[in-house]
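J.: coords below, sequence missing:
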Ligand SMILES: Nc1ncnc2c1ncn2[C@@H]1O[C@H](COP(=O)(O)OP(=O)(O)OP(=O)(O)O)[C@@H](O)[C@H]1O
Ligand SMILES: [Mg+2]
């Protein structure tokens, strides 16, 4: 899995591609936290459009990002969710906790 | 009581995280003989990923152990998949299956069993502390017209 970062104003865009599983997510949490701490964004956008697979490892990443952003009084938007990751998020009821667009 | 399999395959691999992707692909390849839909295939891959990841992360937290992935085609277009480890086992299976329950800390969400349950038709968990865990899942695939159209 790859993560690309782009910070514009107080908005941080993280674009994910590849397979987001436990193996692919190693170090990802730390990287995301570092990116948030460096950009101090008001809005964090997680673009999942490039993911070819996601399991519960992705849920933890999204929820931890959300917690981090809440500490900064900011918000998280999950964007471009492909069908398989979408079903994983739905099965876990994540739509109730995070904004999915 | 165990139904007789029409076809079956057993794979054994060490609990390296790089084998998560291998296990998913192997399951998809095996399931292909049932002519699954794309959705069904993704459901199977997701459930296998959850079960295998649990063995890798929870059964063998600080060692590398053996993971056995067994896949069977049973009468009635039913796919049966079991993932077995010989790791630490689960103290309270009922509790472990509850949504959001995790012993995995920050990097886990406690949703693995919930996802397996929702993506497959049946989920059975057998575990003995200190001996290991076997997760068995079944899914009946939609019968599709043979020969296209
Ligand atoms: N093979 C196993 N061996 C030992 N313990 C297990 C095993 N599988 C699951 N568990 C226990 O059951 C709990 C719940 O598992 P589940 O897959 O639902 O969530 P998780 O793995 O903690 O988080 P997630 O799957 O969302 O990343 C785990 O935290 C762990 O304590
Ligand atoms: Mg799990």
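T.: On my side now, so go ahead. Please read these numbers as outputs of a predicted model, since none were measured by experiment. Ligands and ions are numbered 1, 2, ... in the order given.

J.: ok, residue B:73 touching residue B:33?
T.: Yes - taking Cβ atoms under 8 Å as the contact criterion, residue B:73 and residue B:33 are neighbours in contact, 6.6 Å apart. (Each C-beta comes from the backbone N, C-alpha and C, glycine too.)

J.: more neighbours, those two?
T.: The residue with more neighbours, out of residue B:73 and residue B:33 and counting by other Cβ atoms under 10 Å in any protein chain shown, is residue B:73; that gives 19 against 11.

J.: how about that one, secondary structure?
T.: Using DSSP: H, G, I helix; E, B strand; the rest coil as the criterion, the local structure at residue B:73 reads strand.

J.: distance of it from residue A:12?
T.: For residue B:73, the distance to residue A:12 equals 47 Å [Cβ to Cβ, to the nearest Å].

J.: what sits against residue A:93?
T.: Applying Cβ atoms under 8 Å, 6 or more residues apart in numbering or on different chains, we find residue A:93 in contact with residue B:99.

J.: what residues does chain B put near chain A?
T.: In this structure, chain B approaches chain A at residues B:17-18, B:20-21, B:24, B:39, B:42-43, B:45-46, B:49-50, B:53, B:56-57, B:99, B:106-109, B:111-112, B:114-115, B:118-119, judged by Cβ under 8 Å from any Cβ of the partner chain.

J.: how about the strand of greatest length in chain A: buried residues?
T.: Taking DSSP state E as the assignment, the strand of chain A that covers the most residues is strand A:43-54. Of the residues in strand A:43-54, those buried by neighbour count under the rule 16 or more other Cβ atoms under 10 Å in any protein chain shown are A:44-48, A:50-51, A:53-54.
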